[in-house]
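J.: This is a predicted model, with the sequence first.
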Amino acid sequence: MLSYEEALKKIDETVEQLPAVDNAITHILGHVLAESVTAAFDLPRFDNSAMDGYGVRGEDLVTITDDKPRELALVGVIEAGSQKAELKIEPGKAVKIFTGARVPPSVDTVVMKEYCDDLDSAVRVKEKTEAGSNIRRAGEEFKKGDLVLPSGILVTPPVVGLIASFGHARFKVYEQPRITIIGTGDELVTPGSELSASQIYDSNSYALAAAVQALGLPRPIRFNIKDQEDQIEAALKEALRQTDLIITTGGVSVGDRDLVKEVLEKRLGVETVFWRAKVKPGKPIYFGTTKHDGRQKLVFGLPGNPVSALTTFNLFVKPALAKMQGLKEDGDCKPERLKARIGKSLKKKPGRLDFVRGILSCDDDGVLTAIPTTGQDSHMLSGLARANCLIEFDEAAAKADENDLVTAQKLIWSEY
Ligand code: AMP
Ligand code: MG
């Protein structure tokens, strides 16, 4: 049985990056850049005003004191977007100018409107402004050809903005994985229907679909099926055809009705990369792969217990998704791991790395404490619902005393 780190390594070695596509910039949010952004031109492109105010020659302001303002004759107005680069401002003159308007070469300083009285044909400048102020210089952020953003980073709103700033209507990003989520179990009923005395609602397929969507990925295909080989085979076969990643829950343990692994291996030719890992919750986790039409297909069989399903999604599926999407290793795709004092003593059987659901908080001195939530059993979702970290309780350890230093992984559903 693999350790947590060994399982992660296997996933990393197995998962291939999806192909790059050229998308409209309205459809790149949440994707990963497949090419770097380089400056197509200087940014800003031209000297422009950082303020609404008056464009002047800095030398005209040097005599201004609190009780000695300076009046300058107004020669015109420059609005944002207007072409008045030739407008020449002689000494003793000023031009009304707006934020973002191109500054003519004879203007070296913009005085904020708030420091001036507008006298219609002239302006009274009441406060001294240092020569050179309030002008955004051409190329001060980027020179033509500069690297703006590297490839391999997630497209966030400011990234979209930068790409648009350089005039790109389309940009190369990696495809996002198409995902199918299948809940398996004879006891499962879809929410909204009646339950018999021994049935339960399928919560996993919804929770996992939500976990996928929380990462900014498209809504997966989602449904549940019975523990019945033909049904499992048909559902998985179609999912392998249509989607890149399949996440099943339930039916991967050692019970007689745990048929998912067998169907994948024997009926669908999926190659098992690993089955079971020394983690708690989530020991029965299955990971396999196959090819379909030259495209890699991945299957995660997650255990059925709701906490196990979501925790293993976090621990194992998220890194696979990051790799598929082209997120670079040294970027933001590893969970943040912090040292914290544990707020309560814990006991366990050695042999598996426990991920104890906890609440991480920081006191006034910056000391972090991780308090295990109540309801740690793997069928008790409420403990996970309140948790913001997974406390790593070492494989070999049998106990942790209150205030012992532990490692806690931040648990943020919306981030890699
Ligand atoms: P299994 O891994 O199939 O042995 O299931 C382990 C436990 O998880 C059982 O108590 C199941 O009833 C429960 N379970 C399995 N699938 C789901 C699901 N989709 N939603 C909620 N509970 C589930
Ligand atoms: Mg089951």
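T.: Arrived safely, thanks for sending. Ligands and ions are numbered 1, 2, ... in the order given.
J.: now the strands for the stretch 251-400 of the chain?
T.: For the stretch 251-400 of the chain, the strands defined by DSSP state E, counting those that start in this stretch cover 271-275, 279-280, 286-292, 295-302, 337-342, 346-347, 353-362, 368-372, 389-393, 399-400.
J.: In a markdown table, list those strands along with mean neighbour count.
T.: In this view, the C-beta of every residue, glycine as well, is placed from N, C-alpha and C. As requested, those are exported to a markdown table (neighbours: other Cβ atoms under 10 Å):
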| stretch | mean neighbour count |
| --- | --- |
| strand 271-275 | 16 |
| strand 279-280 | 22 |
| strand 286-292 | 19 |
| strand 295-302 | 22 |
| strand 337-342 | 16 |
| strand 346-347 | 14 |
| strand 353-362 | 21 |
| strand 368-372 | 20 |
| strand 389-393 | 24 |
| strand 399-400 | 16 |
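J.: For ligand 2, find the nearest of the ones you listed.
T.: Ligand 2 lies closest, by Cβ to the ion, to one member of the strands of the stretch 251-400 of the chain: strand 295-302, at 11.2 Å.
J.: interface residues of the protein facing ligand 2?
T.: Remark: the part of the chain in contact with ligand 2 comprises 185, 250-251, 304, using Cβ under 5 Å from the ion.
J.: how about the residues of the stretch 301-416 of the chain that lie near ligand 1?
T.: 303-306 (Cβ under 6 Å from any ligand atom).
J.: Dump the strands of the stretch 251-400 of the chain to TSV, plus mean pLDDT.
T.: TSV is the format used below for these (pLDDT from 0 to 100):
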stretch	mean pLDDT
strand 271-275	98
strand 279-280	98
strand 286-292	97
strand 295-302	98
strand 337-342	97
strand 346-347	95
strand 353-362	97
strand 368-372	97
strand 389-393	97
strand 399-400	96
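J.: ok, and the closest non-adjacent residue to the residue in the stretch 1-150 of the chain positioned nearest to ligand 1?
T.: Per Cβ to the nearest ligand atom, the residue of the stretch 1-150 of the chain with the smallest distance to ligand 1 is Met1, at 16.8 Å. Using Cβ to Cβ, 6 or more residues apart in numbering and skipping residues adjacent in sequence, the residue nearest Met1 is Arg276, 4.9 Å away.
J.: tally of neighbours for the one you found?
T.: Burial of Arg276 is recorded as 18 neighbouring residues (other Cβ atoms under 10 Å).
J.: for it, what are its contacts?
T.: Taking Cβ atoms under 8 Å, 6 or more residues apart in numbering as the contact definition, Arg276 lies against 1-2, 283-286.
J.: Just give me the closest of these to Arg267.
T.: Sorting those by how near they are to Arg267, with Cβ to Cβ, puts Tyr286 at the top with 14.7 Å.
J.: for the closest one, what are its contacts?
T.: 252, 260-261, 264, 272, 274-276, 299-302.
J.: make it 10 Å
T.: Taking Cβ atoms under 10 Å, 6 or more residues apart in numbering as the contact definition, Tyr286 lies against 248, 251-253, 258, 260-261, 264-265, 270, 272-277, 299-303, 312.
J.: now do Glu90
T.: For Glu90, the set of contacting residues under the criterion of Cβ under 10 Å, 6+ apart consists of 57, 60, 73, 75, 106.
J.: How about Gly145?
T.: 38-42.
J.: and if you look at Leu315?
T.: For Leu315, the contacting residues are 4, 7-8, 11, 277, 279, 281-282, 285, 335, 353, 355, 390, 409, taking Cβ under 10 Å, 6+ apart as the criterion.
J.: To be precise, which single item in the residues you listed has the lowest pLDDT?
T.: Comparing pLDDT over the contacts of Leu315, Pro335 scores lowest. The value there is 88.
J.: Give me the phi and psi for that residue.
T.: Note on Pro335: backbone dihedrals following degrees, to the nearest 10 are phi -60, psi 150.
J.: ok, now how distant is the residue lying closest to it once chain neighbours are set aside from Asp60?
T.: Nearest-residue entry for Pro335: Gln409, 4.4 Å, with adjacent residues in sequence omitted and distances by Cβ to Cβ, 6+ apart. From Gln409 across to Asp60, the span is 61 Å (Cβ to Cβ, to the nearest Å).
J.: and what of Arg222?
T.: Applying Cβ to Cβ, one obtains 69 Å for the distance of Arg222 from Asp60.
J.: Ok, Pro281 next?
T.: When distance is defined by Cβ to Cβ, Pro281 is 73 Å away from Asp60.
J.: follow-up on the earlier one: most neighbours of all the residues of the chain next to ligand 2, which one?
T.: Neighbours here mean other Cβ under 10 Å. Within those, the largest count is held by Gly250, at 31 neighbours.
J.: Look up the pLDDT of that residue for me, please.
T.: 97.
J.: Show the pLDDT at the residue lying closest to it once chain neighbours are set aside.
T.: Distances taken as Cβ to Cβ, 6+ apart place Gly304 nearest to Gly250, at 3.2 Å, with adjacent residues excluded. Per-residue pLDDT puts Gly304 at 97.
J.: Likewise for the one 10 residues further on?
T.: Reading off the confidence values, Asn314 has pLDDT 97.
J.: re the thing from before, can you name the two of the contacts of Glu90 that are farthest apart?
T.: Taking Cβ to Cβ as the measure, the contacts of Glu90 reach their widest spread between Ala73 and Ser106, a distance of 14.0 Å.
J.: For these two, indicate the residue with more neighbours.
T.: Set Ala73 next to Ser106 and count neighbours by other Cβ under 10 Å: Ser106 wins out with 17 against 13.
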